[in-house]
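Novice: Got a sequence here, can you model it:
(one chain, ligands or ions: 1)
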Amino acid sequence: MLKVENVSFGYSKTKILKAIDFSVEAGENLAIIGESGSGKSTLLKLIYGEYDLKQGHIFWKDEEILGPKHNLVVGYDFMKYVTQEFDLMPFITVEENIGKYLSRFYPEEKQKRTEELIKVVELEAFAKTKVKLLSGGQKQRVAIARALAKQPEILLLDEPFSHIDNFKKQSLRRSVFKYLKENNIACVVATHDKNDVLGFADQLLVIHQSEIIAKDTPQHIYNHPKLPLIASFFSEFNVIEPYGIVYANQVKIVNQSDLKAVVKTSYFNGNSWLIEAEYNSESIFIEHSSNVNIGKIIFIKVSK
Ligand SMILES: Nc1ncnc2c1ncn2[C@@H]1O[C@H](COP(=O)(O)OP(=O)(O)OP(=O)(O)O)[C@@H](O)[C@H]1O
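Specialist: Numbers count the residues shown, from 1 in each chain. So this is what the prediction gives:
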């Protein structure tokens with residue numbers, strides 16, 4: 001189990017993280033969200049042992065994670081970290097990059113394992129391609145496969161699918177997270193993408209102003225967002241009194257009600273339209289099955 005106990009940290013006197021406390025079981029998937037600059041990557045780096053802690057402790061099982069003051073080489077064998085920079089070897093192929101850390105003494109095993117991982121990240125067509133010739137998204141996939149090569153017990157992922165195109169993203173996400181679950185690998189994912197969280201994370205942490213402001217299942221946090229900031233991560237939302245935070249899909253257009261609004265704009269959204277309307281002199285957003293003409297007077301109902 002990963003245990004982060006009362007960790008506070010700042011690069012200078014200003015604290016980036018304050019009293020951070022959480023744990024992750026073997027095989028569990030924990031997602032961390034927060035605005036840009038809120039300290040997500042910093043927290044991953046602390047878990048990896050990149051910095052010395054002045055306050056708090058981090059453990060994997062019974063071993064305390066210690067920083068560079070205590071370790072000549074940063075990092076531990078049981079933990080891998082895929083940063084936003086990937087850190088690959090450009091002049092060798094995809095399979096050579098992945099196989100780099102696997103034992104040369106068992107060439108058949110090595111080949112089999114490399115092929116298995118190339119399949120997990122769906123890069124079969126590029127196995128023999130030099131990494132310098134790959135796109136950003138392809139490099140990101142190699143970095144994930146390489147981190148998995150030596151079967152870590154815990155994997156730290158910093159925006160793991162941010163460079164992957166939308167055609168591939170969903171299937172890749174399913175493939176990687178399924179592999180982690182099947183192999184009981186704990187994972188901590190820092191992300192800006194709700195699709196990395198919903199459907200995959202067992203727990204979600206929200207960091208805001210240096211502190212954890214929510215820690216629960218994604219379902220609970222989605223259904224009970226404490227702050228507009230949290231709701232905004234998931235979807236378009238409104239603050240409508242007396243209902244509080246209301247997602248756009250919880251506002252319905254009905255034939256008659258006491259809540260009257262005027263349509264300002266409609267945005268095509270694929271399987272629905274996002275209608276922006278003026279209600280009580282403010283903009284509200286409504287998810288609706290069809291387009292609605294600008295200027296039309298509508299009646300709305302909130303169903304939470
Ligand atoms: N090596 C460093 N030295 C000094 N300050 C740093 C360093 N790395 C990050 N920071 C600062 O720490 C804060 C948190 O940065 P961090 O990268 O952890 O945020 P983040 O939540 O991961 O952001 P993003 O979502 O944009 O990746 C920022 O204000 C950043 O400028």
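
Novice: Residue 142 contacts residue 98, correct?
Specialist: Yes: assessed by C-beta atoms under 8 Å, residue 142 is found in contact with residue 98 at 6.7 Å. Placement of C-beta: from N, CA and C, glycine included.

Novice: Just want to know which of these two has more residues nearby.
Specialist: Higher neighbour count among residue 142 and residue 98: residue 98, with 28 against 25, using other C-beta atoms under 10 Å.

Novice: Residue 82 against residue 155, yeah?
Specialist: Yes: taking contacts as C-beta under 8 Å, residue 82 lies within contact range of residue 155: 7.3 Å.

Novice: Give the residues shared as contacts by those two.
Specialist: By the contact definition C-beta atoms under 8 Å, 6 or more residues apart in numbering, residue 82 and residue 155 are jointly contacted by residue 147.

Novice: Correct me if wrong: residue 247 contacts residue 239.
Specialist: No: distance between residue 247 and residue 239: 11.2 Å, which falls outside the contact criterion (C-beta under 8 Å).

Novice: All the strands of the stretch 151-300 of the chain, residue numbers only.
Specialist: With DSSP state E, counting those that start in this stretch applied, the stretch 151-300 of the chain shows strands at 154-158, 186-190, 203-208, 211-216, 237-240, 244-247, 251-254, 259-268, 273-279, 282-288, 297-302, listed in chain order.

Novice: Turn the ones you listed into TSV, columns for distance to the ligand, mean pLDDT and mean neighbour count.
Specialist: Output for these, formatted as TSV (distance: least, C-beta to the nearest ligand atom, whole Å; pLDDT from 0 to 100; neighbours: other C-beta atoms under 10 Å):
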stretch	distance to the ligand	mean pLDDT	mean neighbour count
strand 154-158	7	97	23
strand 186-190	6	98	26
strand 203-208	7	97	22
strand 211-216	13	97	16
strand 237-240	21	95	19
strand 244-247	23	96	18
strand 251-254	30	96	18
strand 259-268	26	96	15
strand 273-279	25	97	19
strand 282-288	25	96	19
strand 297-302	32	96	15
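
Novice: okay but residue 98 is in contact with residue 116, surely?
Specialist: No: applying C-beta under 8 Å, one finds residue 98 not in contact with residue 116, separated by 9.8 Å.

Novice: Can you check which residues contact both of these two?
Specialist: Counting by C-beta under 8 Å, 6+ apart, nothing touches both residue 98 and residue 116.

Novice: can you tell me which of the strands of the stretch 151-300 of the chain comes nearest to residue 94?
Specialist: With respect to residue 94, and counting by C-beta to C-beta, the nearest of the strands of the stretch 151-300 of the chain is strand 154-158 at 18.9 Å.

Novice: Let me know the angle separating the closest one from strand 186-190.
Specialist: With axes from the mean of the first three to the mean of the last three C-alpha atoms, to 10 degrees applied, the angle from strand 154-158 to strand 186-190 works out at 10 degrees.

Novice: can I get the CA coordinates of strand 154-158 in CSV?
Specialist: Extracted in CSV, the C-alpha atoms of strand 154-158 (Å, rounded to 0.1, in the frame of the first residue of the first chain):
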residue,chain,number,x,y,z
ILE,A,154,3.2,1.0,-8.6
LEU,A,155,3.0,3.2,-11.6
LEU,A,156,2.9,7.1,-11.5
LEU,A,157,1.4,8.6,-14.7
ASP,A,158,1.5,12.3,-15.4
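
Novice: elements contacting that strand?
Specialist: Counting contacts by 3 or more C-beta pairs under 8 Å, 6 or more residues apart in numbering; DSSP states H and E, strand 154-158 packs against helix 40-48, strand 79-82, helix 136-149, strand 186-190.
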